[in-house]
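Enquirer: when you get a sec, could you give me coordinates for this:
(chains A and B)
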Amino acid sequence: MQLLTAFLTVQEKIDTLQQTAHEDDNWIMHHISDKPVLTIPPVHIGGFTLDLSISMKILMLMIAAVLMIILFTYAAASNLKRKHPKGFGNFLEMMMVFVRDDVVKPSMGHGADKYLPFFFTLFFFILFVNIISLVPGMSTGTSSISVTAGLALITFFMTQVHGIKHNGFIGYFKGLIPPGVPVFVLPIMIIIEFLGLLTKPFALAIRLFANMTAGHIVIYALIGLIFMLGYAVIPVSIAFSLFIYVLEILVAVLQAYIFTMLSALFIGMAIHQDH
Amino acid sequence: MSLAYIFLKFHSILLFISSAPNEKKDTLLSVEPGLLIWTIIVFVILLLILKKYAWGPLLKSLNDREQGIKDSVEKAEYLKQEAEKILTQNKALLAKADEDARKVIAEGKELAEKLRNDLISKTNDDTARMINQAKSEIEREKVAAMNSLKDEIANLAVQAAGKIIDENLDAAKQKKIIDNFIGKIPQN
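Expert: Take a look at the predicted model:
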């Protein structure tokens, strides 16, 4: 009997906790999700409504883009002026050499020089958006599936266009299926390869989005612990969120690297289908 | 209690993330076309601007410098090989010159030795000849002197004997006696 009442009280407590949790979880979502900054009336194309309002995340992308244009044109001018680059120009050049020699060329093989500007832009854009998201008060551009899907779509588009350009329309789609496949497996292979085409950018988008969102949610949750469990957990919360924060810096660079490397790999595979 | 709370918290977050997209616009996994299009627009504009004003010049300066370094290294390598070649040539020349000098010195020494030996033997010969000549001359002179002395002594003896002894003894007979006497006298 006593056990039963104890069980019931525990059950009751869990119920109330669940309710408060449902009320509480909105503040994290509130911080993670997008907020409109400049509302533009939606455009109607056919039966489809397109909302082109500028939100926080788009603003972040634009800030990153403007920052990149200012910094990189300055670096370019400064590097052209002197024989030996120094300061930011030197640092940027080091990063460029890293992207070129350690990210793009090993994944793509020969003929990578033509695509270098694209990969530089991709890498530094993701890197800048990720880094800006770590500045307090800023929003995370890449923690929206729409943004990462946009970037993945660009890679997908580049892959298909350059694959077709290089191998011809029929040659490209024929090259997708590995040579020497028996005829009776062909229908399955065609479906698998077609799905493979679509899963590649999908994986890219999900990976970047999940990595950038997870870190922020964990930090918010750790901060939230202070208000849920009382001020005693402040040292623990701060220590852990600092740790996650530093980890986020690593993740920011790592995700830019992975996104660029996989893009280079996919484009390289589409161009050089023979191996 | 706190553990259950934390668990529920994360559970509710997970529920929220995985909630169906038709619930509301605000879910994490719903794609908003506007945001997607803006991303593409921003990226493409950024790519075009950076390609023209940043990556072009940056890559150009980078490639130029890399090419310059490569050229310099190659040139240095070439110059090093060239210098090594010249060094070996110089060494060979030096060795040859050394050899030549040694040969010249050896030849000179040999020649000098030969000349010295020739000179010595010639001098020795000359001396010997001269000594011999002198000896034979002396011998001849001695014989001549002895002969003339013999004559002189004979004449003197004849004159002395003629003066001392009477004139009845003729000169020829006396001379014969004296010659006999002189013949008995030892040569020296």
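Enquirer: chain center to stretch B:174-188: distance?
Expert: 86 Å (Cα atoms, centre = their mean, to the nearest Å).
Enquirer: what's it in contact with?
Expert: Contact with stretch B:174-188 is made by B:146, B:150, B:153-154, B:157-158, B:161-162, B:165, as judged by Cβ atoms under 8 Å, 6 or more residues apart in numbering or on different chains. All C-beta spots, glycine's among them, are computed from the backbone N, C-alpha and C.
Enquirer: give me that answer again for 10 Å
Expert: By Cβ atoms under 10 Å, 6 or more residues apart in numbering or on different chains, the residues outside stretch B:174-188 that reach it are B:142, B:146, B:150, B:153-158, B:160-162, B:165, B:169.
Enquirer: go through it and flag the buried ones.
Expert: Counting neighbours by 16 or more other Cβ atoms under 10 Å in any protein chain shown, one finds that the buried residues in stretch B:174-188 are B:Ile178.
Enquirer: just give the number of residues close to A:Leu127.
Expert: By other Cβ atoms under 10 Å in any protein chain shown, the residues close to A:Leu127 number 22.
Enquirer: that one belongs to a strand, doesn't it?
Expert: No - A:Leu127: not assigned to a strand; according to DSSP: H, G, I helix; E, B strand; the rest coil it is helix.
Enquirer: would you pull up the residue in chain B closest to chain A?
Expert: For chain B, the residue closest to chain A is B:Thr39, as judged by Cβ to the nearest Cβ, at 3.0 Å.
Enquirer: residue boundaries of the strands in the stretch 1-150 of chain A?
Expert: According to DSSP state E, counting those that start in this stretch, the stretch 1-150 of chain A carries its strands in the segments A:36-38, A:43-45, A:48-50, A:54-55.
Enquirer: what lines up beside the first one in the sheet?
Expert: Strand A:36-38 pairs in its sheet with strand A:54-55 (antiparallel), by DSSP bridges.
Enquirer: can you tell if the lengthiest helix in chain B touches chain A?
Expert: For chain B, the longest helix by residue count, based on DSSP state H, is helix B:56-164. Yes - interface with chain A: helix B:56-164 contributes B:56-66, B:68 (Cβ under 10 Å from any Cβ of the partner chain).
Enquirer: now that helix: average pLDDT?
Expert: Averaged over helix B:56-164, pLDDT sits at 91.
Enquirer: in the stretch 51-200 of chain A, which residue sits nearest chain B?
Expert: Taking Cβ to the nearest Cβ, chain B has its nearest neighbour within the stretch 51-200 of chain A at A:Gly150, 3.0 Å off.
Enquirer: what's the closest non-adjacent residue to B:Tyr53?
Expert: Counting by Cβ to Cβ, 6 or more residues apart in numbering or on different chains, B:Tyr53 lies nearest to A:Thr73, which is 4.7 Å off, once chain neighbours are set aside.
Enquirer: hmm, the one you found is touching A:Leu92, no?
Expert: No - if you go by Cβ atoms under 10 Å, A:Thr73 and A:Leu92 don't touch, sitting 11.0 Å apart.
Enquirer: return the distance of the closest residue to A:Leu265 other than its chain neighbours relative to A:Arg100.
Expert: Excluding the flanking residues, the one nearest A:Leu265 by Cβ to Cβ, 6+ apart is A:Ser107, at 4.2 Å. Using Cβ to Cβ, to the nearest Å, we find A:Ser107 at a distance of 11 Å from A:Arg100.
Enquirer: what do those two both touch?
Expert: With Cβ under 10 Å, 6+ apart, A:Ser107 and A:Arg100 have common neighbours A:Phe119.
Enquirer: pLDDT score assigned to the residue of chain B closest to chain A?
Expert: As predicted, B:Thr39 sits at a pLDDT of 88.
Enquirer: just the pLDDT for A:Phe118.
Expert: At A:Phe118, the model reports a pLDDT of 91.
Enquirer: correct me, but it touches B:Leu47?
Expert: Yes - contact criterion Cβ under 10 Å: A:Phe118 and B:Leu47 qualify, at 6.5 Å.
Enquirer: out of the two, which sits in the more crowded spot?
Expert: Neighbour comparison, A:Phe118 and B:Leu47: the larger count goes to A:Phe118, with 23 against 19 (by other Cβ under 10 Å).
Enquirer: I'm done for today, thanks for sticking with me.
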